[in-house]
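1. Following is a predicted model, sequence given first.
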Number of protein chains: 2
Amino acid sequence: MHNQFHHTAEDMIRHNGGRATAGRIGILAILLAEQHAITHREIEQRLPQEQQLDRVTLYRALEWLAEKNLIHKVTSDDRAWRYHANRDVQSHQHAHFKCTCCAQVICLDKLPVERNWPLPAGYRFQEIELTVKGLCANCC
Amino acid sequence: MHNQFHHTAEDMIRHNGGRATAGRIGILAILLAEQHAITHREIEQRLPQEQQLDRVTLYRALEWLAEKNLIHKVTSDDRAWRYHANRDVQSHQHAHFKCTCCAQVICLDKLPVERNWPLPAGYRFQEIELTVKGLCANCC
DNA sequence: CAATAATCGCAACATTGTTGCATTTATTTG
DNA sequence: CAAATAAATGCAACAATGTTGCGATTATTG
């Protein structure tokens, strides 16, 4: 029930001055273990039976983790946010890939993302969100 | 109550073999008149009092218009789709800008969008969704 | 104008997410 | 270690967005 990331997760949380509660640790450990960005629902499913969290608690924990830059949110076209751990505390200015068949989402960390977009006059750039859609290796 | 785009809207709909109903025409005319991509709610607000549509009807009309390539949907981070008319029937492979302050969304039609993203082996590209976030001229 | 297939509107439901508030708990302090 | 306390949790209720089924209405065709 404790995966290999529990210790790391707890450290990351304490480093940010937060309470190391079972919920937060469990959630972050799950996200650290996961290759893909996953939804609220998928996180719930991966939590062991004996420590299921209230939906609200889960949302609030995710909000806190994102605030502290330990994870980041990925916007998708199905109205559900997906979450992914930040392995390094770099900027999250990277792209995501979403399979149009199985809805799997991965981070494309190595994708260079230009910063100087030609916006209309008077507009100010802050960040970009880029999702590449297509078929993953399994669905091809 | 009839803006200048009603006639165009009706033509576009008939050209696609659909019934030219007041609802569809009104919706498309509104989207043609609009510079920005707007939400379901905003469309409702712009419809004249005497021809308010059921929410379901509005959704289905938008779905039909998008299917026929007369409009396109824009994914956003607030779980609400925004819609924008396709003035030409070109690909909609362009970027969108969203103001993080007033939530206004515009199309960045002139933004060149590269097509050869370095995806993992075995992955197939289909399309991209790119949203640039920042502050619009009003909110700067 | 009648026939008919497409469209509409209502009711009910589904999903995702949020808010307020009382309860519980991790951490700190003595 | 026990008490104090601020932070986190869980419940109930709500909000926003969108969907489904189905009977009623309507645009179009002949």
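-> Perfect, I can see it now. Numbering: from 1, shown residues only, chains lettered A, B, ... in the order given.

2. quick one, helices of chain A?
-> Secondary structure of chain A (DSSP state H): helices located at A:6-15, A:22-33, A:40-46, A:55-67.

3. Ranking those helices by mean neighbour count, which comes first?
-> Highest mean neighbour count of those: helix A:22-33, a mean of 22 (counted as mean count of other CB atoms under 10 Å in any protein chain shown). The way it works is simple: take the backbone N, C-alpha and C, and place the C-beta from them, glycine included.

4. relative orientation of it and helix A:6-15 in degrees?
-> 120 degrees (axes from the mean of the first three to the mean of the last three CA atoms, to 10 degrees).

5. Tell me if helix A:22-33 is near DNA strand C.
-> Yes - for helix A:22-33 and DNA strand C, the contact criterion (CB under 7 Å from any atom of the strand) is met by A:A22.

6. I'd like the mean pLDDT over that helix, please.
-> Across helix A:22-33, pLDDT averages out at 96.

7. distance of A:R124 from A:C136?
-> Computed as CB to CB, to the nearest Å, the A:R124 to A:C136 distance reads 35 Å.

8. Neighbour count: these two, which is higher?
-> Between A:R124 and A:C136, A:C136 has the larger neighbour count (other CB atoms under 10 Å in any protein chain shown), namely 22 against 15.

9. shouldn't the more buried one be in contact with B:Y123?
-> Yes - with contact defined as CB atoms under 8 Å, A:C136 counts as touching B:Y123 (5.7 Å).

10. I figured A:T57 hits A:R24, correct?
-> No - between A:T57 and A:R24 there is no contact under CB under 8 Å: 9.4 Å.

11. For A:R24, which non-adjacent residue is closest in space?
-> A:A61 (5.0 Å; CB to CB, 6 or more residues apart in numbering or on different chains).

12. Which residues outside stretch A:37-53 are in contact with it?
-> A:1, A:22-23, A:26-27, A:30-31, A:34, A:55, A:58-59, A:61-62, A:74, A:80-84, A:96, A:105-107 (CB atoms under 8 Å, 6 or more residues apart in numbering or on different chains).

13. can I get the helices of chain A in TSV with distance to A:V132?
-> Output for those, formatted as TSV (distance: least, CB to CB, whole Å):
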stretch	distance to A:V132
helix A:6-15	29
helix A:22-33	21
helix A:40-46	21
helix A:55-67	22
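
14. Save those as a markdown table, and put in distance to DNA strand D too.
-> Converted to a markdown table, the helices of chain A look like this (distance: least, CB to the nearest atom of the strand, whole Å):
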| stretch | distance to DNA strand D |
| --- | --- |
| helix A:6-15 | 8 |
| helix A:22-33 | 3 |
| helix A:40-46 | 11 |
| helix A:55-67 | 3 |
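
15. Quick check: residues of chain A near DNA strand C?
-> With the criterion set to CB under 7 Å from any atom of the strand, chain A comes near DNA strand C through A:14, A:19-22, A:39-41, A:55-56, A:59-60, A:63, A:78-81.

16. Swap in 6 Å and give it another go.
-> Within reach of DNA strand C by CB under 6 Å from any atom of the strand, chain A has these residues: A:19-21, A:40-41, A:55-56, A:59, A:79-81.

17. Any idea how many residues pack against A:N3?
-> Counted with other CB under 10 Å, the neighbours of A:N3 add up to 14.

18. From what I see, it and A:L31 are in contact.
-> No - contact criterion CB under 8 Å: A:N3 and A:L31 do not qualify, at 10.9 Å.

19. measure A:P48 to DNA strand D for me?
-> 13 Å (CB to the nearest atom of the strand, to the nearest Å).

20. Count the neighbours of that residue for me.
-> 9.

21. which residues of chain A score low on pLDDT?
-> Within chain A, the stretches with pLDDT under 70 are A:1-2, A:88-92, A:110-116.

22. Now A:Q4. Nearest residue, chain neighbours left out?
-> What sits nearest to A:Q4 in space, not counting adjacent residues and going by CB to CB, 6+ apart, is A:A33, at 7.4 Å.

23. dump the residue contacts of that neighbour.
-> Counting by CB under 8 Å, 6+ apart, A:A33 touches A:3-5.

24. And A:A66, by the same measure?
-> By CB under 8 Å, 6+ apart, the contact set of A:A66 is A:72-73, A:83.

25. ok, A:P120 - how many residues close by?
-> Residues near A:P120, counting by other CB under 10 Å, number 11.
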